[in-house]
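Q: Structure of the sequence below:
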Amino acid sequence: MWVPVPRQGIRRQWVKRIQWGVLFGLMVLIYGSHAPLIALTKVDGQVPFNPSSCVVMIELAKLLISLATLVLTGGTSALNAPPPLILVAPYAVPAILYALNNNLVVLMQAYMDPSSYQVLSNLKIASTALLYSFCLGKRLRPAQWLALGLLMCAGVCHTYSSLDLEDPERAEAKGSPRLHITVWGLFLVLVYCCVSGLAAVYTERVLKSQRLPLSLQNLYLYVFGVAINGLSSFSAVGSEKSFLEGYSGVVWAIIAGQAANGLLMSVVLKHGSGITRLFVISCSMLVNALLSWVILGLQLTPFFLLPVSMIGLAAYLYYR
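A: Numbers count the residues shown, from 1 in each chain. Okay, the predicted model is just below:
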């Protein structure tokens, strides 16, 4: 017997879908604008600011916003007494993992060219999906595994479409790095992808396993984020740039955007799924290409439509 769904229930479902759609769109836009904005800051082909200080400022911004949210929602009573160590300690792990990944990205550049890194880094989709299924006990349907495989292929195709595959001697004469990767570089990529997937899955597990306000959980996360990235930044003070040297309006926009994206991602991990993060990253590649075309004059080819179609098909297969 067919039972009609109450009109209020239907309206609530649509409101929820619209909220998630707006959230997803904002995250894709912020992720996709990151690289073009960094390109706009460059002076004579070089980034004028200290990248490690930028990471610290992003973590600090997320910490301050989390604290402000906790105050506005009346949750400051949780800060009256020091929290138990067993409650707070798990939040240090994501900060350590993300700091490790930031250093791996820099280290890998010595063992491969940037294009090879971009292609191989798509393996983190597979590592995240495997860890998501194994660690969180989430069983994926065969169609969903196919969808994630399409996402990975879309990332490879998108990177391949932007590669300069002209004659190596001519590319070298122009100063373009030649495609190369060492065995050590391949090993580091695999470690990077596993750490990236583990950080996302572990963060989701911690956020969902503790019945605490999200703003308080974010506060714990970013206290460790500021501390660990701050130590990493100041321990490498061999840099010729001072902490806030080279900061401009665009740099502050990058910091604000990445801070907002981190907080939005915590909402996704708390109330949704870490797999959504993979779709955000994949869709952001397309926004990145479009913004680079508009802002930086990047030439798009018809091959660009292939990863667009693959991501659309992947989303249909996964969420149908």
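
Q: Show me the shaky parts of the stretch 151-300 of the chain.
A: Applying pLDDT under 70 to the stretch 151-300 of the chain flags residues 161-180, 235-241.

Q: And the helices in it?
A: Assigned by DSSP state H, counting those that start in this stretch, the stretch 151-300 of the chain shows helices spanning 168-173, 183-209, 214-235, 249-271, 274-291.

Q: Packing partners of the third one?
A: In other words, helix 214-235. Applying 3 or more C-beta pairs under 8 Å, 6 or more residues apart in numbering; DSSP states H and E, one finds that helix 214-235 contacts helix 51-72, helix 92-108, helix 183-209, helix 249-271. Placement of C-beta: from N, CA and C, glycine included.

Q: Which stretch among these approaches Leu231 most closely?
A: Shortest distance between Leu231 and the helices and strands packed on helix 214-235, using C-beta to C-beta, is found for helix 92-108: 8.7 Å.

Q: for the strand or helix carrying Phe134, packing partners?
A: Assessed by DSSP states H and E, Phe134 sits inside helix 123-135. The contact analysis (3+ C-beta pairs under 8 Å, 6+ apart) places helix 123-135 against helix 142-161, helix 183-209, helix 274-291.

Q: relative orientation of the shortest one and helix 123-135 in degrees?
A: This means helix 274-291. 170 degrees (axes from the mean of the first three to the mean of the last three C-alpha atoms, to 10 degrees).

Q: Where does pLDDT dip in the stretch 1-150 of the chain?
A: In the stretch 1-150 of the chain, residues with pLDDT under 70: 1-7, 109, 113-115.

Q: center of this structure, which residue is that?
A: With distances taken as C-alpha atoms, centre = their mean, Ile281 lies nearest the centre of the chain, 6.4 Å away.

Q: was I right about that residue contacting His34?
A: No - contact between Ile281 and His34 fails when scored by C-beta atoms under 8 Å: they sit 10.8 Å apart.

Q: Please spell out which residues along the longest helix belonging to the chain are buried.
A: The single longest helix within the chain, with elements called by DSSP state H, is helix 7-41. Residues of helix 7-41 classed as buried by neighbour count (16 or more other C-beta atoms under 10 Å): 23-24, 27-28, 30-39, 41.

Q: Closest one to Pro302 out of those residues, please.
A: Using C-beta to C-beta, those come closest to Pro302 at Gly32, 20.4 Å.

Q: Hmm, Leu291 and that closest one touching each other?
A: Yes - at 6.1 Å, Gly32 counts as touching Leu291 under the criterion of C-beta under 8 Å.

Q: between these two, what contacts are shared?
A: When C-beta atoms under 8 Å, 6 or more residues apart in numbering defines a contact, no residue borders Gly32 and Leu291 alike.

Q: re earlier: just the closest of the buried residues of helix 7-41 to Cys135, please.
A: For the buried residues of helix 7-41, the nearest to Cys135 is Met27 (23.0 Å; C-beta to C-beta).

Q: What is the burial count for the residue lying closest to the closest one once chain neighbours are set aside?
A: The spatial neighbour of Met27 that comes closest, neighbours along the chain excluded (C-beta to C-beta, 6 or more residues apart in numbering), is Val280 at 4.8 Å. Residues lying near Val280 (other C-beta atoms under 10 Å) number 22.

Q: Likewise for the one 3 residues further on?
A: Neighbour count of Cys283, defined by other C-beta under 10 Å: 24.

Q: Neighbours of the nearest residue to Ala35 once chain neighbours are set aside, how many?
A: Among residues not flanking Ala35 along the chain, Asn288 sits closest, at 5.4 Å (C-beta to C-beta, 6+ apart). Using other C-beta under 10 Å, Asn288 has 19 other residues around it.

Q: go on, Thr276?
A: Counted with other C-beta under 10 Å, Thr276 comes out at 18.

Q: Identify the residues contacting it.
A: Contacts of Thr276 were listed using C-beta under 8 Å, 6+ apart, and they are Phe24, Val268.

Q: any idea how far Gly246 is from it?
A: 34 Å (C-beta to C-beta, to the nearest Å).

Q: With Ala147 instead?
A: 41 Å.

Q: The two: who's more crowded?
A: Under the criterion of other C-beta under 10 Å, the comparison of Ala147 against Gly246 puts Ala147 first, with 25 against 16.

Q: follow-up on the earlier one: name all residues that make contact with the residue nearest to the centre of the chain.
A: Tyr31 are the contacts of Ile281 under C-beta under 8 Å, 6+ apart.
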